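*Asks:* Below: sequence and its predicted model.
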Amino acid sequence: MWRSIKQVYGGAARFARAAPLLFLVPVLIELAQHIVEVQSGMYVSRDVARAVASDPVRMAFGFAKILALLLPGYWFVRFLAFEGDTRRMLSFDARALGLFAIQFVLAGSVQYLMLFGPSLSALFGLDARSASVVTAVLAVAQSVLGIYLTAWFVAWPLGNASLGPLRSCAVMAGSFWRAVVYLLAGVIPLMALHYALGLGAIGRPSALVWVMLALDAIVVGCLALTMSAAKYVAARDGAMRKQVSLLPEDQPQSVPSFQ
């Protein structure tokens, strides 16, 4: 398991070197959001930060950042599956692009509703406490479902239409906790650093704020990759346990290890 966790970060570093423009997609969007935040005075003090946290322009860039975090995943999954072969990663695959586009639209729509959709209180007439409980339950359910859909998230960018959501649940059955460990290992360290830099920049001198925010943008770019790599190793291990290929039938039936 430790070897696979090392592969999560090693794979991310290799992709950033091999495809720096793709790596920079979420980095630049995060920087744009930081520019908006600085202009709104968000890093002047904690009180101002709380007051402008829901600024519509900031929220719009936040949604763009979510999409930017998802977008490089298409090429990164292919980079890992093809063991760093950038030619195969970048090769045009209409089937894989179409399948990934479906996932991208679905994930983007869910995130849009979570950010801008009506609240549970407004939809179902719940009081604040009940809405909080329901929100927490839904968040847990979404996380659990996301684990079981991991093989689907990985297989479709590779062009494997046969491994859909239902089959993904079967593939990941028995690998749930291993997948949780991979995802936590790929997300928690960088997410903690992301919040530490963002919160730590509040009230600092302007020059230091920009240094911290620039570092934070790079951290977000790395986070986009480690999240995808964690899903890949989880799906790879689950598929190996069930003797299922993540690749389509017209490609070699093996699950690469991306050393």
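*Replies:* Cool, got the structure.
*Asks:* hey, which helix is longest across the protein?
*Replies:* Criterion DSSP state H: the longest helix present in the chain is helix 206-241.
*Asks:* So for that one, mean pLDDT?
*Replies:* Regarding helix 206-241, the rounded mean pLDDT is 95.
*Asks:* How about stretch 29-41?
*Replies:* Stretch 29-41 comes out at a mean pLDDT of 94.
*Asks:* And the longest helix of the chain, what's buried?
*Replies:* By 16 or more other C-beta atoms under 10 Å, the buried positions in helix 206-241 come out as 209-210, 212-213, 216-240. Placement of C-beta: from N, CA and C, glycine included.
*Asks:* What of stretch 19-31?
*Replies:* Neighbour-count burial for stretch 19-31, counted by 16+ other C-beta under 10 Å, picks out 19, 22, 23, 24, 25, 26, 27, 29, 30, 31.
*Asks:* Reformat these as a markdown table; add distance to residue 166.
*Replies:* Formatted as a markdown table, the buried residues of stretch 19-31 follow (distance: C-beta to C-beta, whole Å):
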| residue | distance to residue 166 |
| --- | --- |
| 19 | 32 |
| 22 | 31 |
| 23 | 33 |
| 24 | 36 |
| 25 | 31 |
| 26 | 31 |
| 27 | 36 |
| 29 | 33 |
| 30 | 35 |
| 31 | 40 |
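*Asks:* Between those residues, which sits nearest residue 70?
*Replies:* For the buried residues of stretch 19-31, the residue nearest residue 70 by C-beta to C-beta is residue 26; the value is 9.0 Å.
*Asks:* and the next element down the chain from the host helix or strand of residue 13?
*Replies:* Per DSSP states H and E: residue 13 is located in helix 2-18. Under the assignment DSSP H and E, the closest C-terminal helix or strand after helix 2-18 is helix 20-39.
*Asks:* which strands and helices sit next to that next one?
*Replies:* The contact analysis (3 or more C-beta pairs under 8 Å, 6 or more residues apart in numbering; DSSP states H and E) places helix 20-39 against helix 2-18, helix 56-70, helix 206-241.
*Asks:* And the contacts of the shortest one?
*Replies:* Okay, so that is helix 56-70. Outside of helix 56-70, the residues within contact range by C-beta atoms under 8 Å, 6 or more residues apart in numbering are 25-26, 28-30, 32-33, 36-37, 40, 42, 52, 104, 107-108, 111-112, 115-116, 220, 223-224, 227.
*Asks:* can you count the residues close to residue 177?
*Replies:* Counted by other C-beta atoms under 10 Å, the residues lying close to residue 177 total 9.
*Asks:* so where's the stretch 101-250 of the chain shaky on pLDDT?
*Replies:* The model of the stretch 101-250 of the chain has pLDDT under 70 over residues 120, 250.
*Asks:* Can you show me the helices along it?
*Replies:* 120-124, 128-148, 150-155, 165-172, 176-200, 206-241 (DSSP state H, counting those that start in this stretch).
*Asks:* List the contacts of the helix holding residue 13.
*Replies:* Applying C-beta under 8 Å, 6+ apart, the contact partners of helix 2-18 are 22-23, 75-76, 79-80, 84, 86, 181-182, 185-186, 221-222, 225-226, 229-230, 232-233, 237, 257-259.
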